[in-house]
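# any chance you could fold what I've pasted below:
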Amino acid sequence: MAARFQVGACIANACKDLGYSGDVGYQTFLYSNVTDLRRVFIFLIEKLPRESDRAAEPEPDDPLSRLKADIGRSVRASLNSRLTLKDIVSSPFISFPLETGIIVPRDKLHLPRQEWTDYCINSLKFLPDQVPPEYLLPSTIALNARGCVARSIRKGGSKASTPEDLPLPATPPTPAPRTTKRQTTWLGQQEKILFERDIVVPQSLNKEKLVIPEINASEEGVDKEEKQRQELEALKSHIEELQTAIRNDTSELAQVRKDYESVEAELKGRVKEYEALCKALELLPNYEDNLKKVEGLITLSDKRFESLNAQWDSYKKPLTAKYEELKSKARTNDNDENSETVSALRSKLDVATKQILAKQQQMQQLQKEFDQLPKNIIRSSYTRRIMEIIGNIKKQKDEIDKILRDTKQLQRNTNGLFGTLDRLFTVVDETIFRNAKKDEHSKKAYKHLATLHTDCADIVRMVMETGAIEREIRDLQEQVENESSKKVGDNLERISADMRLLKEENVTLTRQLKL
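Have a look, this model is predicted:
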């Protein structure tokens, strides 16, 4: 029975957690009726997930579709994620020299053309592999800027300062330049100049005195950056040393403060001892008189102490007696409260034991009924029946709405007829009243009209009261039917049986506790 009660309470709490607004408890399931259970089932069915919500997105078989799905999921996740500070911090604009295979760097000027070509084909790394990822874009921008500057200088006539005017060994055969539609770009022009077959190199030009502004500028920038980096590392190490020194000095300062406080406390004790010794030394010249004075003070102190003890004894006895009395009263009150608490707990235990026995008996009875039920019932039949009930409820709701609309229309018509009747009576009353001043029959007709109006008003009022009484009667009949449908008598019998079971189980548990 206790297990049934616990299961019913758990189901009721679960319904409340889901948002059920009706009155639900363990009695709704243990002593149920059709109406309450129908409401609970309708609420739970409405909470079931839809088929469209259950359907998950199928995993595509095509690798390309799977890749697109993964990309879409990652993009959605990145859009839903919040940016952090490290995501928006910009990196410094630091560029490094890049080798494109078109401009010959200074450290490779001594290579023959074939070796340089083999190097470009086999050993030259791609641009993204030459520098770290965070420096790729600045380095590319700097490379393009140097090319644009060299192009503008070349158009101005100063060709000695451009990187493409570097002398190249002219022995090996050179491959034909690539033909693209965009020959006006700087890289295209560099490639065209590099792979031209007839390159005129002045013999009087000394290789050691070549000037390469772009490479020099890049090397100077790299040297400057390296120097700044070294200075920054030196500053960081110096700052770390200073921080370490500050921490050491702080710890030493704390230790010095502790030592100072201990020395100060010791000094105060020494000062007090010194003052006491000074006073003793001042008393030494007349030590006999001072000794007598001290003995007199001691005697006075003893007498005063004895008098204070006597006064304390006179105050102590009544206070001690009062304390003992209050202590005994408090002990008595505590015992009474404890006994009352124990008796209340015993009564509650008896009630709970009886309830447990009754619930266990009811649980056994329900278990027997459950065992007797057929086991081959399919869940779909219950679902279909519930859906039919929901459809019937919707039909009933539509009919109720139709009846309400008809009632409202009748009410509007009734109100219109009442207004027409009032206006008609007013017009007739005014007409007969005007004629009543001149004709005797009109006076009698006016009196009969007033009487007729009063009687009609009474009849209408009585009809309205009769309708209200009939509505109340129907409401009371519905309440009686609802109460009768709840099977109160059967529920009371089941509750009585549960109480008897709880009593029996309580007696059994009491015997087991005694044993």
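# secondary structure element holding Glu99?
Assigning secondary structure by DSSP states H and E places Glu99 outside every helix and strand.
# okay, it: pLDDT?
Note for Glu99: predicted pLDDT of 80.
# what is the neighbour count of Lys268?
Other residues near Lys268 come to 10 when the count uses other CB atoms under 10 Å. In short, each C-beta sits where N, CA and C put it, glycine included.
# now do the contacts for it.
Contact analysis of Lys268 by CB atoms under 8 Å, 6 or more residues apart in numbering lists nothing.
# SS state for it?
Recorded secondary structure, Lys268: helix (DSSP: H, G, I helix; E, B strand; the rest coil).
# check which helix or strand covers Thr448.
Wrong residue type there; residue 448 is His, not Thr. Going by DSSP H and E, His448 is part of helix 440-485.
# my guess is Gln360 meets Lys354, correct?
No. With contacts counted by CB atoms under 8 Å, Gln360 stays clear of Lys354, the gap being 10.9 Å.
# which neighbours do those two have in common?
By CB under 8 Å, 6+ apart, Gln360 and Lys354 have these common neighbours: Leu502.
# which helices and strands does the longest helix along the chain pack with?
When the chain is scanned for its longest helix (criterion: DSSP state H), the result is helix 287-372. Contacts defined by 3 or more CB pairs under 8 Å, 6 or more residues apart in numbering; DSSP states H and E place helix 287-372 against helix 2-18, helix 488-514.
# go with 10 Å
With contacts defined as 3 or more CB pairs under 10 Å, 6 or more residues apart in numbering; DSSP states H and E, helix 287-372 has these neighbours: helix 2-18, helix 26-30, helix 213-283, helix 488-514.
# please identify the deepest-packed of the ones you listed.
Neighbour counts (mean count of other CB atoms under 10 Å) averaged over each of the helices and strands packed on helix 287-372 peak at helix 26-30, with a mean of 19.
# average pLDDT for that one?
Here the average pLDDT along helix 26-30 is 79.
# tilt between the longest helix of the chain and helix 488-514?
On the basis of axes from the mean of the first three to the mean of the last three CA atoms, to 10 degrees, helix 287-372 is oriented at 130 degrees to helix 488-514.
# quick check: mean pLDDT across helix 287-372?
In this model, helix 287-372 has an average pLDDT of 86.
# remind me which residues of the stretch 351-500 of the chain are low pLDDT?
375-378, 486-488 (pLDDT under 70).
# let's see 90
Under the criterion pLDDT under 90, the flagged ranges of the stretch 351-500 of the chain are 366-388, 391, 407, 410-461, 463-464, 467-468, 471, 474-500.
# hmm, back to that, nearest to Arg154, out of the helices and strands packed on helix 287-372?
Ranking the helices and strands packed on helix 287-372 by proximity to Arg154 (CB to CB) places helix 213-283 first, at 12.2 Å.
# so how far is the closest one off the chain centroid?
Centre-to-centre, helix 213-283 and its host chain are 46 Å apart (CA atoms, centre = their mean, to the nearest Å).
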